[in-house]
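> here is the input, now give the coordinates:
(chains A, B and C)
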Amino acid sequence: MPSPVRLAEIVSALGGDLCAEQGADLVQIQGTVISRLAPLDSADASSLSFLSNPRYGTQLAASAAACVIVSPAMREAALARGAALVCDNPYLYFARLTQWWSARTRRAPVLGVHASAVVEPGARIHASVSVAAFAYIGAGAEIAAGAVIGSHCHIGADARVGEHTRLAARVTLGEACRIGARGIVHSGVVIGADGFGFAPDTAVAGLGTDAGEGPRWIKIEQLGAVRIADDVEIGANTCIDRGALDDTLIDDGVKLDNLIQVGHNVHIGAHSAMAGCVGIAGSARIGRFCTAGGGAIILGHLQLVDHVHITAATVITRSILKPGQYSGLFPFDDNASWEKNAATLRQLHALRDRLRALEKKQP
Amino acid sequence: MPSPVRLAEIVSALGGDLCAEQGADLVQIQGTVISRLAPLDSADASSLSFLSNPRYGTQLAASAAACVIVSPAMREAALARGAALVCDNPYLYFARLTQWWSARTRRAPVLGVHASAVVEPGARIHASVSVAAFAYIGAGAEIAAGAVIGSHCHIGADARVGEHTRLAARVTLGEACRIGARGIVHSGVVIGADGFGFAPDTAVAGLGTDAGEGPRWIKIEQLGAVRIADDVEIGANTCIDRGALDDTLIDDGVKLDNLIQVGHNVHIGAHSAMAGCVGIAGSARIGRFCTAGGGAIILGHLQLVDHVHITAATVITRSILKPGQYSGLFPFDDNASWEKNAATLRQLHALRDRLRALEKKQP
Amino acid sequence: MPSPVRLAEIVSALGGDLCAEQGADLVQIQGTVISRLAPLDSADASSLSFLSNPRYGTQLAASAAACVIVSPAMREAALARGAALVCDNPYLYFARLTQWWSARTRRAPVLGVHASAVVEPGARIHASVSVAAFAYIGAGAEIAAGAVIGSHCHIGADARVGEHTRLAARVTLGEACRIGARGIVHSGVVIGADGFGFAPDTAVAGLGTDAGEGPRWIKIEQLGAVRIADDVEIGANTCIDRGALDDTLIDDGVKLDNLIQVGHNVHIGAHSAMAGCVGIAGSARIGRFCTAGGGAIILGHLQLVDHVHITAATVITRSILKPGQYSGLFPFDDNASWEKNAATLRQLHALRDRLRALEKKQP
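Next comes the predicted model:
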């Protein structure tokens, strides 16, 4: 357990304007011991909380937090309740606070290469790295300064892990694939499996399609790799396939949630973010500063320009050349209502024709 | 191979009323050797089968099974075919039978800690557990009595595995995460990866949004954990993220299929069940006795009360405060029909306006 | 790095008609050194490229490739640019070329069993296999000639890996599950986790449904296995569950992309192919030569005949007994347009009734 921290230390490290409520002693508030960061509704007298969305203003008044991080606009409302830490962007402040807090409290990885790890000859491992139990590092691979390789990771031959990048347990970084600096890769991630590429072979001896036969799938070996730039985070069990000929590219600052599929030859532009269960088919080009909600699908060979935002569960079937928000999900309903509307949907084109016929009859 | 089992042994262990068909010798039927449990249509003379759904009544008559487990209502129909094992709830009986059968036939895990496993100092491992090859158990972790840890598992520091819980090969249980008693966790599951949380930082020096720039994503360290109660089963490659501040909670008896995404701070109430590929976004609150069909998506910060049932592939976009079945999937059709209806769907609002205009013209 | 290869060697190995452009020296072209295979648009003077789709004809003229593989119909257009390699099916030729190229350039797996691997007594491992670091091979398992087992693989007791089948790192092949010859299984795949099967037990002592209670889920032990035939490829983090009583079956030549869920007792017919994130629920029967686009879902207990093609993100809710293309996805739109149409969709049935009423009023 880390030593307790006082509010004054937090302000000293991260800035902000610590304010006492009417009649309270600022010095005493500076000395308040904070034992956890907590949401407004579960905070107690040793919690530091935050309010980023004015929507939660009613929670503010009721919170038992020792202190609440708020914007200047919420200063008075916060002080009506108790101590406040005022800053321009409470959510961003909170993010940095969690980083500072985590650095104080999380176990540091053990430096060096665990005795059980297997490191092939020719791998280059910086002296400042941590390589955990049962990690495998292939020939010619490079693990740069400050990198952390979790247990049961497989680092393929000639792969590279950049400075201070952390791989959780059970990550596969395939042969010749690379990730840059300060990345975070969660458990179960597979970088550099083969892309899904096959040529249909219809000339199978003695078989004709008229006999109910069909093509055999001839594998296209995937000769490219995956290149991931700096400051990229990749969620658990997400897959990024290697390119067929050229490389699959993930640019700086991209954030991918869990269970995402990124096909071969995809490019994802810098600072784009994708929520869980998104699927991006092969050769799609996604711009910078794009987002996709959970379960969205982007079909192959499409282009999305910068600043395109896809709603959850939406399927993108053609390129999007104009920034904006795009949606396409079936609105849910109670089952009986849905059944009626869905059945009618299958007659929609016919309904349109009937409407048109009526219109023509009108004078 | 286990020793053969006679029908009488099964009845002795699990109950039920074994009945001979007209003219048959019950003692002889009690002595029938059963070598496998089988569906009605692939059963043979050494198979025990079951009929739970009267829909499959025609399969009953044609089945070659040695004996069929049926409800009292199907007793006569079953006896017209051959021997029957009559019980109140054949499907439930069958479930218990598979458990009894499995206990007889499955290889028992080898007790003790495999020589290749790595157990950090300070881990507490009960004498009755099984820890397989290449398992890693972090400092401060606890493995309770009768638990089974599969090969290549990663048990993080201070994590806890409850009594008789079984982890298959290649499971990650993250730092400080806990699972209760009698759980089953399948291969590739990741419990306790970081939730997907970032604060946008728009104040990037020298950049303006007018220059086509956008925010950087600043990581919110995920300081919570995952707490899983008793009798929970988690399917292969499913992910359950740790909470941002508080814990992600999975209550008693919850059953999750494969490739499910459970975001940070989600609560899933007791005895709810989710089919494969479901996605539950962060901070969703799911009630008790809920179900979701395959590929359903529940967006973040929503509440679903008890006894809510979501149809497969439905996207839940607002809270559901009334029990019932909810649906929202696009009905499929042959491609040509779909294309026409889908194209018209994009003019639906305009069609409504045209219909309204026609209505106004009516006398 | 492999030694450079000349065009003449490629033609000698794979056939085709190497043609020089007007005024060029064929012998000199035969001697051209090829250092990589490249798409038309990123090819350089040491690249061999290909044109399979006439749509990309304009890329052909602009390509800097040393030589382009084309069909007879594109011969003149190709020669107007430079050297060409003419063959009947350029895409298939290219596929075979990548295989030939890969065999020359990829690192060969190290033969034998790595010193760190754990092989249980009674496992049968052919002398010609490669078993990588930290692999676990259970009792009674068989690894056939030429097979490759990646690092951190778990091969369950009595499982079988066929001739020349390659498992990447971190694959689980469950107890008694089998895969045939020449298969490729990517990282994170789980074959043989339990299918999702539970019987509801509503007779919980002292609880009634009127008290807001509901059923407990009683596990149906999954006693079947998974049987995979020859020439099957399975993408990263895909899951194939074991059958409840009988086996789950994947037939010859099936290709599965990443993050696919295949439920218990599913049958997938020969040479069918499924793109990423597809979900196939339990007991579905898929025919031969079928395809499914990314994110498609096939519900349980359905039958799809041979040559059925499912569009991406389509949900199949009833059996399909006629070959063809089937679709059912919501067309995306800019968010404002979608909102209007989606809202109206919920009144669609009522709109139909209003239209009908208008029609009745017509003379």
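> what about residue A:127, how many neighbours?
For residue A:127, the tally of surrounding residues (other Cβ atoms under 10 Å in any protein chain shown) stands at 7. The way it works is simple: take the backbone N, C-alpha and C, and place the C-beta from them, glycine included.
> over to residue A:73?
10.
> distance of the closest residue to it other than its chain neighbours relative to chain B?
Excluding the flanking residues, the one nearest residue A:73 by Cβ to Cβ, 6 or more residues apart in numbering or on different chains is residue A:54, at 7.6 Å. Applying Cβ to the nearest Cβ, to the nearest Å, the value for residue A:54 to chain B is 16 Å.
> ditto for residue A:246
According to Cβ to the nearest Cβ, residue A:246 stands 25 Å off from chain B.
> enumerate the residues of the stretch 151-300 of chain A near chain B.
Neighbours of chain B within the stretch 151-300 of chain A, by Cβ under 8 Å from any Cβ of the partner chain: A:151-152, A:168-170, A:184, A:186-188, A:233, A:235-237, A:253, A:255, A:257-259, A:271, A:273, A:275-277, A:288-289, A:293-295.
> looking at the residue nearest to residue A:73 now. What's its pLDDT?
On pLDDT, residue A:54 comes in at 82.
> which helix or strand contains residue A:236?
Remark: residue A:236 resides in no helix or strand, with elements defined by DSSP states H and E.
> wait, it sits on residue B:237?
No: contact criterion Cβ atoms under 8 Å: residue A:236 and residue B:237 do not qualify, at 9.0 Å.
> who touches both of these two?
By Cβ atoms under 8 Å, 6 or more residues apart in numbering or on different chains, residue A:236 and residue B:237 have these common neighbours: A:188, A:259, B:190.
> which residues of chain A score low on pLDDT?
Scanning chain A with the threshold set as pLDDT under 70 gives A:1-2, A:204-211, A:363.
> which residue ranges make up each domain of it?
Per automatic domain parsing, the domain ranges recorded for chain A read A:5-105, A:189-219+A:254-329, A:335-363.
> point out the most buried one among the ones you listed.
domain A:189-219+A:254-329 (a mean of 22; mean count of other Cβ atoms under 10 Å in any protein chain shown).
> show the end-to-end separation of it, please.
End-to-end distance of domain A:189-219+A:254-329 (Cα to Cα, to the nearest Å): 28 Å.
> repeat that for stretch A:242-260.
End to end - Cα to Cα - stretch A:242-260 spans 15 Å.
> ok so, going back, could you dump the shared contacts of residue A:236 and residue B:237 into a markdown table with secondary structure added?
Compiled in a markdown table, these are given as follows (DSSP: H, G, I helix; E, B strand; the rest coil):
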| residue | secondary structure |
| --- | --- |
| A:188 | coil |
| A:259 | coil |
| B:190 | strand |
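> filter those down to the ones near chain C?
A:188, A:259.
> not counting sequence-adjacent ones, nearest residue to residue A:300?
For residue A:300, the closest residue by Cβ to Cβ, 6+ apart turns out to be residue A:281, at 3.6 Å.
> separation between the one you found and residue C:261?
18 Å (Cβ to Cβ, to the nearest Å).
> returning to that earlier point: can you lay out the shared contacts of residue A:236 and residue B:237 as CSV showing distance to residue A:15?
As requested, the shared contacts of residue A:236 and residue B:237 are arranged in CSV below (distance: Cβ to Cβ, whole Å):
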residue, distance to residue A:15
A:188, 37
A:259, 37
B:190, 35
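> name the nearest residue to residue A:235, sequence neighbours excluded.
Among residues not flanking residue A:235 along the chain, residue A:258 sits closest, at 3.7 Å (Cβ to Cβ, 6+ apart).
> the one you found against residue A:238, yeah?
Yes: assessed by Cβ under 8 Å, residue A:258 is found in contact with residue A:238 at 6.2 Å.
> intersection of neighbour lists for those two?
Overlap of the contact sets of residue A:258 and residue A:238 (by Cβ under 8 Å, 6+ apart) consists of residue A:186.
> returning to that earlier point: return the subset of the residues of the stretch 151-300 of chain A next to chain B lying in strands.
A:184, A:233, A:255, A:273 (DSSP state E).
> related to what we said a few turns ago, so the residue nearest to residue A:73 touches residue A:60, yeah?
No: assessed by Cβ under 8 Å, residue A:54 is found out of contact with residue A:60, at 9.1 Å.
> between those two, what contacts are shared?
Between them, residue A:54 and residue A:60 share these contacting residues under Cβ under 8 Å, 6+ apart: residue A:74.
> so who does the residue of the stretch 101-250 of chain A found nearest chain C touch?
Closest residue of the stretch 101-250 of chain A to chain C, Cβ to the nearest Cβ: residue A:214 (3.2 Å). For residue A:214, the contacting residues are A:202, C:271, C:288-289, C:306-307, by Cβ under 8 Å, 6+ apart.
> again with residue A:358
Neighbouring residues of residue A:358 by Cβ under 8 Å, 6+ apart: B:358, C:355, C:358-359, C:362.
> want to throw these into JSON lines with secondary structure?
Listed next are those as JSON lines, based on three-state DSSP:
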{"residue": "B:358", "secondary structure": "helix"}
{"residue": "C:355", "secondary structure": "helix"}
{"residue": "C:358", "secondary structure": "helix"}
{"residue": "C:359", "secondary structure": "helix"}
{"residue": "C:362", "secondary structure": "coil"}
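> tell me the one of those nearest residue B:26?
When those are compared for distance to residue B:26 (Cβ to Cβ), residue C:355 wins out at 66.5 Å.
> next one: the closest one from residue A:8, what distance?
Using Cβ to Cβ, residue C:355 is found at 71 Å from residue A:8.
> what of residue A:16?
11 Å.
> grab the longest helix from chain A for me.
Counting by DSSP state H, the longest helix found in chain A is helix A:90-105.
> what's the neighbour count on the residue nearest to residue A:98 when sequence neighbours are not counted?
Among residues not flanking residue A:98 along the chain, residue B:221 sits closest, at 3.9 Å (Cβ to Cβ, 6+ apart). Using other Cβ under 10 Å, residue B:221 is surrounded by 21 other residues.
> residue B:221 and residue B:198, how far apart?
Relative to residue B:198, residue B:221 is positioned 11 Å away (criterion: Cβ to Cβ).
> same deal with residue A:307?
Using Cβ to Cβ, residue A:307 is found at 17 Å from residue B:198.
> all the helices of the stretch 51-200 of chain A, in order from the start?
A:57-62, A:75-79, A:90-105 (DSSP state H, counting those that start in this stretch).
> output those as CSV; include the columns distance to residue C:74.
Output for those, formatted as CSV (distance: least, Cβ to Cβ, whole Å):
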stretch, distance to residue C:74
helix A:57-62, 67
helix A:75-79, 71
helix A:90-105, 55
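> surely residue A:9 forms part of a helix?
Yes: read with three-state DSSP, residue A:9 is one of the residues of a helix.
> tell me how far it lies from chain C.
Distance, residue A:9 to chain C, using Cβ to the nearest Cβ: 43 Å.
> report the contact partners of residue A:117.
The contact partners of residue A:117, by Cβ under 8 Å, 6+ apart, come to A:131-137.
> go again with 6 Å.
A:131, A:135 (Cβ atoms under 6 Å, 6 or more residues apart in numbering or on different chains).
> ok, residue A:286 next?
A:268-269, A:272, A:304.
> go again using 8 Å as the cut-off
Counting by Cβ under 8 Å, 6+ apart, residue A:286 makes contact with A:266-269, A:272, A:280, A:298, A:304, A:308.
> switch the residues you listed over to TSV; also include distance to residue C:245 and secondary structure.
Listed next are the contacts of residue A:286 as TSV, based on distance: Cβ to Cβ, whole Å; DSSP: H, G, I helix; E, B strand; the rest coil:
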residue	distance to residue C:245	secondary structure
A:266	41	coil
A:267	47	strand
A:268	44	strand
A:269	50	coil
A:272	46	coil
A:280	38	strand
A:298	40	strand
A:304	47	strand
A:308	48	strand
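> for those, give me a markdown table that also has distance to chain C.
Converted to a markdown table, the contacts of residue A:286 look like this (distance: Cβ to the nearest Cβ, whole Å):
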| residue | distance to chain C |
| --- | --- |
| A:266 | 11 |
| A:267 | 13 |
| A:268 | 15 |
| A:269 | 18 |
| A:272 | 18 |
| A:280 | 9 |
| A:298 | 9 |
| A:304 | 12 |
| A:308 | 11 |
